[in-house]
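Visitor: based on what follows, work out the 3D shape:
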Amino acid sequence: MPLYIGVMSGTSLDGLDIALVEQAGTTRLLASHYTPMPADLGRQLLELCRSGDDEIARGALAEQQWARLAAEAIHELLQREQLHPRQIRAIGSHGQTVRHEPQRGFTVQIGNPALLAELTGIGVVSDFRRRDVAAGGQGAPLVPAFHQALFGSAQRRAILNVGGFSNLTLLAPQQPVRGFDCGPGNVLLDAWIRRHHGVAFDRDGAWAASGRVDQALLQILLGDAYFSLHGPKSTGREHFNLDWLLERLQQLPPLAAENVQATLLELTASSIATALQQNLPAAEELLVCGGGAHNLRLMQRLAELLPGCSVASTDTRGLPADWIEAMAFAWLAHCCLEGIAANCPEVTGASGPRILGAVYPA
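Guide: Numbers count the residues shown, from 1 in each chain. Have a look, this model is predicted:
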């Protein structure tokens with residue numbers, strides 16, 4: 001059976017998720033591997049998300065480091081699983097998003113797929129988003145088609161991925177798959193706790209749970225025009241970032257840091273819940289994947305805001321929440337090599353179905 005490797009590095013910049021999958025009609029996770037993002041590389045990638053001096057050279061050097069990190073992680077996974085590179089049909093590499101501005105006609109993911117193919121001896125499929133953007137789409141989210149393949153649409157079900165940003169896939173009988181980015185997922189929560197406590201994330205949402213939601217701040221945050229847009233829509237660090245938050249905090253008297261964190265979690269939860277209620281009323285089930293599935297306070301708030309909907313991690317369906325996105329890019333590589341269109345025009349707004357990805361042979 002064909003074996004693929006999926007590599008996902010998200011906007012949280014915490015590390016690389018590597019998934020080994022078997023693609024035989026269905027996608028089956030065989031093994032996984034996680035490698036942390038070195039702090040220096042993470043800083044370089046974050047700096048590339050905004051304009052600065054010598055961006056071309058800095059980007060080229062950073063993507064070399066990223067490719068070497070990915071190659072090392074892939075070798076570790078293959079060695080552990082006693083597999084030879086020639087047994088892998090392809091690597092599906094998302095790369096690292098450093099700019100996402102589809103309204104200006106571009107999205108940029110770096111990761112030097114040619115170097116990754118050279119270092120691993122395995123063909124690489126990457127650059128999945130730009131073909132959709134070229135066809136007038138947002139280039140994101142790309143996972144709804146994969147979610148439909150995994151979970152089907154026999155009932156009114158939503159799949160929620162919460163990484164740096166949150167995105168919803170909406171599945172319903174006899175309806176085309178729909179989806180969009182809801183807004184910030186962990187990106188503001190991570191930035192705020194890093195600013196005040198020097199740690200990467202709020203484990204279990206404990207710091208947020210210790211604070212109180214400030215309704216005045218919440219209304220200011222929810223007043224951003226993005227939340228009133230209808231899909232297709234997508235967003236990124238270009239819009240929602242620490243500066244965006246600090247600018248809005250200046251409109252209010254000083255707040256306790258834990259209350260800001262509580263409000264940011266409520267922003268994530270309420271923007272998701274509102275989007276689901278508006279776009280898939282009477283949804284029976286919300287399955288959550290990505291790092292946000294481990295945030296106990298976030299999961300609790302989603303359940304409270306969606307009382308008629310079952311809220312659970314995809315783990316409960318035998319699909320590990322941490323690996324679904326990496327699995328998706330392995331699946332996208334398979335679709336590219338098989339000539340299968342893998343975007344969803346109803347999701348991205350592209351003018352039609354497109355085969356996604358560029359191929360870098362071994």
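
Visitor: ok, and the closest non-adjacent residue to Leu296?
Guide: Asp204 (4.5 Å; CB to CB, 6 or more residues apart in numbering). Backbone N, C-alpha and C define where each C-beta goes, glycine included.

Visitor: tell me how many other residues surround that neighbour.
Guide: The local packing of Asp204 (other CB atoms under 10 Å) involves 14 other residues.

Visitor: next one, pLDDT for it please.
Guide: On the pLDDT scale, Asp204 is placed at 96.

Visitor: what secondary structure does it sit in?
Guide: Under DSSP: H, G, I helix; E, B strand; the rest coil, the three-state class of Asp204 is helix.

Visitor: separation between it and Ser210?
Guide: Distance, Asp204 to Ser210, using CB to CB, to the nearest Å: 11 Å.

Visitor: against Ala134, how distant is the residue lying farthest from the centre of the chain?
Guide: Distance from the C-alpha centroid of the chain peaks at Pro253, with 33.7 Å (CA atoms, centre = their mean). Pro253 sits at a distance of 47 Å from Ala134 (criterion: CB to CB).

Visitor: ok so, going back, distance of the residue farthest from the centre of the chain relative to His230?
Guide: Separation of Pro253 from His230 (CB to CB) stands at 34 Å.

Visitor: give me the phi and psi for Ile275.
Guide: Actually, residue 275 is Ala rather than Ile. Dihedral pair for Ala275: phi -60, psi -40, per degrees, to the nearest 10.

Visitor: before we move on, what SS does the nearest residue to it once chain neighbours are set aside have?
Guide: Distance criterion CB to CB, 6+ apart; nearest residue to Ala275, sequence neighbours excluded, is Cys182 at 4.7 Å. What three-state DSSP gives for Cys182 is strand.

Visitor: hmm, Cys182 is touching Ala269, no?
Guide: No - judged on CB atoms under 8 Å, Cys182 makes no contact with Ala269 at a distance of 10.0 Å.

Visitor: ranges for the strands of the protein?
Guide: With strands called from DSSP state E, the chain shows them at 3-9, 15-24, 26-36, 90-101, 106-110, 124-126, 157-162, 165-171, 178-184, 285-289, 310-313, 358-360.

Visitor: quick one: which of those is nearest Gln79?
Guide: strand 26-36 (10.2 Å; CB to CB).

Visitor: and the closest one, what does it pack against?
Guide: If you count contacts as 3 or more CB pairs under 8 Å, 6 or more residues apart in numbering; DSSP states H and E, strand 26-36 packs onto strand 15-24, helix 55-80, helix 144-151, helix 324-338.

Visitor: highest average neighbour count across those?
Guide: helix 324-338 (a mean of 25; mean count of other CB atoms under 10 Å).

Visitor: next one: that one to chain centre, how far?
Guide: Distance of helix 324-338 from its chain centroid, counting by CA atoms, centre = their mean, to the nearest Å, is 14 Å.

Visitor: repeat that for stretch 338-345.
Guide: Between the centre of stretch 338-345 and the centre of its chain there are 19 Å (CA atoms, centre = their mean).

Visitor: buried stuff in it?
Guide: Ala341, Ala342, Asn343, Cys344, Pro345 (16 or more other CB atoms under 10 Å).

Visitor: repeat for stretch 294-311
Guide: Buried, per 16+ other CB under 10 Å, within stretch 294-311: His294, Asn295, Arg297, Leu298, Met299, Arg301, Leu302, Ala303, Leu305, Leu306, Cys309, Val311.

Visitor: out of these, which is nearest to Leu356?
Guide: Lowest distance from Leu356 to the buried residues of stretch 294-311 (CB to CB) belongs to His294, with 29.1 Å.

Visitor: from what I can see the closest one touches Asp204, true?
Guide: Yes - under the criterion of CB under 8 Å, His294 makes contact with Asp204 at 7.3 Å.

Visitor: how many other residues sit next to Gln103?
Guide: 10.

Visitor: gap between it and Glu238?
Guide: Distance, Gln103 to Glu238, by CB to CB: 10 Å.

Visitor: ditto for Asn161
Guide: 19 Å.

Visitor: more neighbours: the two, which one.
Guide: Applying other CB under 10 Å to Asn161 and Glu238 shows that Asn161 carries more neighbours, namely 30 against 16.

Visitor: got a list of what the closest residue to that one other than its chain neighbours touches?
Guide: Of all residues not flanking Asn161 in the chain, Gly290 sits nearest, at 4.5 Å (CB to CB, 6+ apart). Contacts of Gly290 were listed using CB atoms under 8 Å, 6 or more residues apart in numbering, and they are Gly10, Leu160, Asn161, Val162, Gly163, Gly185, Ala321, Asp322, Ile324, Glu325.

Visitor: make a PyMOL selection of the buried ones in those residues.
Guide: Buried residues among these (16+ other CB under 10 Å), as a PyMOL selection:
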select buried, resi 10+160+161+162+163+185+321+322+324+325
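
Visitor: which residue ranges make up the domains of this structure?
Guide: Using the TED database, the domain ranges for the chain come out as 3-139+322-360, 142-317.

Visitor: now do the last one: distance to the chain's middle.
Guide: The chain centre lies 12 Å from the centre of domain 142-317; the measure is CA atoms, centre = their mean.

Visitor: now stretch 336-347
Guide: Between the centre of stretch 336-347 and the centre of its chain there are 18 Å (CA atoms, centre = their mean).

Visitor: what does it rub up against?
Guide: With CB under 8 Å, 6+ apart, stretch 336-347 has contacts from 89-90, 92, 125, 128, 131-132, 135, 137-138, 141-142, 144-146, 169, 176-180, 231-232, 331-332, 334-335, 350-357, 359.
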